[in-house]
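In: Predicted coordinates and the sequence they were generated for:
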Amino acid sequence: MTTQLDAPPAPAERTAARRLTTRVGRFRELGIVVALALVIVPTAIVNPRFVQPQSLRDLALNASIVALLAVGQTLVVITRNVDLSVGSVLGLSAFLTAQHFADNPGTPLVAGIGFGIAVGLACGLLNGLLVALGNVPSLVVTLGTLYVFRGVDYALAQGEQVNAANLPDALLNLGSSRIAGVPVLVLITLVVIVVAAVYLRSYRSGRELYAIGSNPEAATLAGIPVAKRTLTTFVLSGLVAGLAGALWVARYGTVDAAAGTGLELQVVAAVVVGGVAIFGGSGTVAGAALGALLLGTITSCLVVLQIPAFWQQAISGALLLSAITVDRLLALRLAKALRRTEGTSHA
Amino acid sequence: MRNLLRWETALVFLLVVVALTGQVGTDGSFLSGGNLFYLGLDIGEIALIALPLTLVIVAGEIDLSVASVLGLSSALIGWLWNAGWPLETILPTVVVAGALCGAFNGLLVTRLGLPSLAVTIGTLALYRGLALVVLGDTAVADFPASYTAFGTTPVPGTNIPYPILLAAVLAVLFGIALHASSFGRSVFAIGANEEGARFSGIRVKRVKLSLFVLAGAVAAIAGIVYTFRFSSARADNGLGLELAVVAAVLLGGVSIFGGRGTLFGVLAGVLLLGGLRNLLILQDTSTEVLTIVTGLLLLVSVLAPSITRRVGNLRKATP
């Protein structure tokens, strides 16, 4: 939608078209912010304590792990792929990280988290190799590895769990400490979002991801190393899921083999609500992270408004459907408008 | 020779291997009538839902909301039963509700042109959410034994569970619809090349819509089966079943891109997964092995065609 690989149009048209697409792109993220406000403001009016710092911190903290996974997923989805294995990668990384810390007392914090990231990276590498070299659909591959990674997780855990008592204080503090009032986990998530956003926006290989998602054949013809880039996105998605797994341990303390089960669909939902097109070629990590925040905020608001939690899932579903419907209608209008600008310049 | 390389053949071979090793490994109890009855009960819902889902995937779409429709139909059964409706009225109502859920999916996909993957992830949450709204976290269990017997006893004089009888009848109907009717030809045509199908006069939108309606209706029937099998109507019945069904269909050799696949392969896939699971339980093996095997089989099923193609290319290249 935002990146097309058609022949370059004349400068005048291009600026007009580009202005239009950026305006729509900005409008998209603005839309989520407006939706966030629509959810937060009435809740705050009913219960002013909802916008107190502590409550807002919890809100951001609860959304941060899904937001992290959504960032990795965005990279994959932009290239017209999907990674359904993120929940299982998170689970495997969380359990192995916790076990690593418990078995090796005195492991430095960074080394332990690095271990979790390495687990995720290995999983992502396997996904990426299967998709890029096997040349098979990512939906099926990652559905397969969703089962494999979770099965390995259960096999390694043998029904055991790692308790917070066996984990170093440094790790558990990471889950609860704050810098300038902002929880550290949220800061880490923000750093990952910014890095990914800069990569997608300003680096050649980042821009190439959009080209691949817009039109894989054209991207190949344009000399973009499609297989290599696809592999990279899966490795990055695995890496981020590994980090999320390590942070999961820091946040929850007690970990068994079931951590993160079923998270994959929540993450895909957040990404889609955040305006990333499921068939690739458009979307931003900021949007995806905002999508995760919106879905998390709705859950908290229902609690505050004392609406039965049973409504939460129905509302998330309805929200996802309205988000893709609005996107579709906008895209249709945009296409019409673009055709019109082209028409006038030819006349 | 080409037929020997077909995925369905490999599946049947695997099935025979599983049956034989099972029979030997369990001293003959694996293929006993009693065990086959439980095996049949265990795969009933997956076998049912896999039938329409095969058609949906062959047409190049996907429906991830089926397990939520199952849950919603189970919750509706409980809710309406509590409201004093007779089961004779409840069951048709629930099937119609399932068909409406499918129609909603289908209309969003065909009329608005939205991708079915995103739509049905949305309705996966929506329908499961509605099930929770209808029934909350309570369970309704006081159904008359004359109905729950359908979920727990075999057809008199046989070891065939009623759900499997139902699935077998539907499998014949779906098999004829997909492989021996003009409707089935158009489903394949749409999956292979939607544009081409439209230009050859196939009513693409109408066919796709009908497939989603079928998927919804059959998922609701699976919800009825599930409810009576466990004598319990709950909103979280069948949670997460969608990935198991999709895995079974893809394992059966149906291409995720559409246009390719057989109902026979899918039934073999369902049986293979069910048989493995049953065998592992009989041998007290932990179910994580099954999870790993499911994943690996799925990977092999997609990698196999790609590998055979490469080997074929190599052979062509060397004189």
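Out: Structure's in. What do you need?
In: pLDDT value on residue 5, please?
Out: You didn't pick a chain, so chain A it is. Looking at residue A:5, its pLDDT is 49.
In: not quite, I wanted chain B
Out: 59.
In: And for residue A:8?
Out: 50.
In: Residue 184: neighbouring residues, count only.
Out: Picked chain A for this. 18 (other C-beta atoms under 10 Å in any protein chain shown). C-beta: built from backbone N, CA, C; applies to glycine.
In: Let me rephrase: I mean chain B.
Out: Neighbour count of residue B:184, defined by other C-beta under 10 Å: 18.
In: if I pick it, what's in contact with it?
Out: Going by C-beta atoms under 8 Å, 6 or more residues apart in numbering or on different chains, residue B:184 touches B:55, B:176, B:177, B:178.
In: Mind picking the two most distant members of those?
Out: With distances taken as C-beta to C-beta, the most widely separated pair in the contacts of residue B:184 is B:55 and B:176, at 11.9 Å.
In: of the two, who's got more company?
Out: Ranked by neighbour count (other C-beta under 10 Å), residue B:55 and residue B:176 place residue B:55 first, with 29 against 13.
In: Show me which residues of the helix or strand containing that one are buried.
Out: Per DSSP states H and E: residue B:55 is located in helix B:33-58. By 16 or more other C-beta atoms under 10 Å in any protein chain shown, the buried positions in helix B:33-58 come out as B:35-37, B:39-58.
In: Please apply the same query to stretch B:6-14.
Out: Within stretch B:6-14, the residues that qualify as buried by neighbour count (16+ other C-beta under 10 Å) are B:7, B:8, B:10, B:11, B:12, B:14.
In: Same question for stretch A:325-336.
Out: A:327, A:328, A:330, A:334.
In: check whether it contacts chain B.
Out: Yes: among the residues of stretch A:325-336, A:325, A:328 lie within reach of chain B under C-beta under 8 Å from any C-beta of the partner chain.
In: do the same with stretch A:211-228
Out: No: for stretch A:211-228, no contact with chain B is found by C-beta under 8 Å from any C-beta; the gap never falls below 12.9 Å.
In: So for residue A:149, what's the pLDDT?
Out: 94.
In: Residue A:123 is in contact with that one, correct?
Out: Yes: between residue A:149 and residue A:123 there is a contact at 5.8 Å, judged by C-beta atoms under 8 Å.
In: just to revisit the earlier point, quick check: next helix or strand after the helix holding residue B:55?
Out: Counting by DSSP H and E, what follows helix B:33-58 is helix B:66-82.
In: Give me the helices and strands touching that following helix, please.
Out: helix B:33-58, helix B:87-111, helix B:116-135, helix B:204-229, helix B:241-251 (3 or more C-beta pairs under 8 Å, 6 or more residues apart in numbering or on different chains; DSSP states H and E).
In: how about a cut-off of 6 Å?
Out: Judged by 3 or more C-beta pairs under 6 Å, 6 or more residues apart in numbering or on different chains; DSSP states H and E, helix B:66-82 is in contact with helix B:87-111, helix B:116-135, helix B:204-229, helix B:241-251.
In: So for chain A, which of the ones you listed sits nearest?
Out: helix B:116-135 (2.7 Å; C-beta to the nearest C-beta).
In: what's the offset of the closest one from the middle of its chain?
Out: On the basis of C-alpha atoms, centre = their mean, to the nearest Å, helix B:116-135 sits 18 Å off its chain's mean C-alpha point.
In: Let's test this: mean pLDDT of it, rounded?
Out: On average, helix B:116-135 scores 91.
In: residues contacting the residue positioned nearest the centre of chain A?
Out: Note on chain A: the residue nearest the mean C-alpha position is residue A:70, at 0.7 Å, using C-alpha atoms, centre = their mean. By C-beta atoms under 6 Å, 6 or more residues apart in numbering or on different chains, residue A:70 lies in contact with A:267, A:270, A:271, A:288, A:289, A:292.
In: The third one reaches residue A:73, doesn't it?
Out: So that's residue A:271. Yes: using C-beta atoms under 6 Å, residue A:271 is in contact with residue A:73, at 5.0 Å.
In: just for the chain, where's the confidence low?
Out: Here I'm looking at chain A. Scanning chain A for pLDDT under 70 picks out A:1-26, A:342-347.
In: that's the wrong chain, I meant chain B
Out: Applying pLDDT under 70 to chain B flags the ranges B:1-5, B:308-309, B:312, B:314-319.
In: Show me which residues of it sit near chain A.
Out: Within chain B, the residues that sit near chain A (C-beta under 6 Å from any C-beta of the partner chain) are B:112, B:114-115, B:117-118, B:121-122, B:125-126, B:128-130, B:132-133, B:136, B:250, B:256, B:288, B:291-292, B:294-295, B:298-299, B:302-303, B:306.
In: how many neighbours does residue 296 have?
Out: Reading this off chain A. 23.
In: you looked at the wrong chain, it should be chain B
Out: Neighbours around residue B:296, by other C-beta under 10 Å: 15.
In: quick one: the helices in the stretch 201-347 of chain A?
Out: Secondary structure of the stretch 201-347 of chain A by DSSP state H, counting those that start in this stretch: the helices cover A:204-214, A:216-221, A:226-252, A:263-273, A:285-304, A:311-346.
In: Around residue A:57, how many other residues sit close by?
Out: Residue A:57 has 15 nearby residues by other C-beta under 10 Å.
In: cool, residue A:203 as well?
Out: Neighbourhood size, residue A:203 [other C-beta under 10 Å]: 11.
In: thinking again about what came up before, chain B next: which of the contacts of residue A:70 are close?
Out: Of the contacts of residue A:70, not one also sits near chain B (C-beta under 6 Å from any C-beta).
In: Closest one of these to residue A:61?
Out: Checking those against residue A:61 by C-beta to C-beta gives residue A:292 as the nearest, at 12.2 Å.
In: ok, now which ones touch the closest one?
Out: Residue A:292 makes contacts with A:63, A:66, A:67, A:70, A:270, as judged by C-beta under 6 Å, 6+ apart.
In: Adding secondary structure, write the residues you listed out as JSON lines.
Out: Output for the contacts of residue A:292, formatted as JSON lines (DSSP: H, G, I helix; E, B strand; the rest coil):
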{"residue": "A:63", "secondary structure": "helix"}
{"residue": "A:66", "secondary structure": "helix"}
{"residue": "A:67", "secondary structure": "helix"}
{"residue": "A:70", "secondary structure": "helix"}
{"residue": "A:270", "secondary structure": "helix"}
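In: and the helix holding residue B:55, what other elements does it pack with?
Out: Contacts defined by 3+ C-beta pairs under 6 Å, 6+ apart place helix B:33-58 against helix B:162-179, helix B:182-192, helix B:204-229, helix B:241-251, helix B:263-282.
In: Give me the buried positions along the second one.
Out: When you say that, I think you mean helix B:182-192. B:184, B:186, B:187, B:188, B:189, B:190, B:191, B:192.
In: what's next to the helix or strand harbouring residue A:151, contact-wise?
Out: For residue A:151, the host element (DSSP H and E) is helix A:138-157. With contact meaning C-beta under 6 Å, 6+ apart, helix A:138-157 is reached by A:81-85, A:88-89, A:91-92, A:95, A:123, A:127, A:130-131, A:257, B:250, B:256, B:288, B:291-292, B:294-295, B:298-299, B:302.
In: Now do the buried residues in that helix.
Out: Judged by neighbour count (16+ other C-beta under 10 Å), helix A:138-157 contains these buried residues: A:138-154, A:157.
In: One more: stretch A:297-308?
Out: By 16+ other C-beta under 10 Å, the buried positions in stretch A:297-308 come out as A:297, A:298, A:299, A:300, A:301, A:302.
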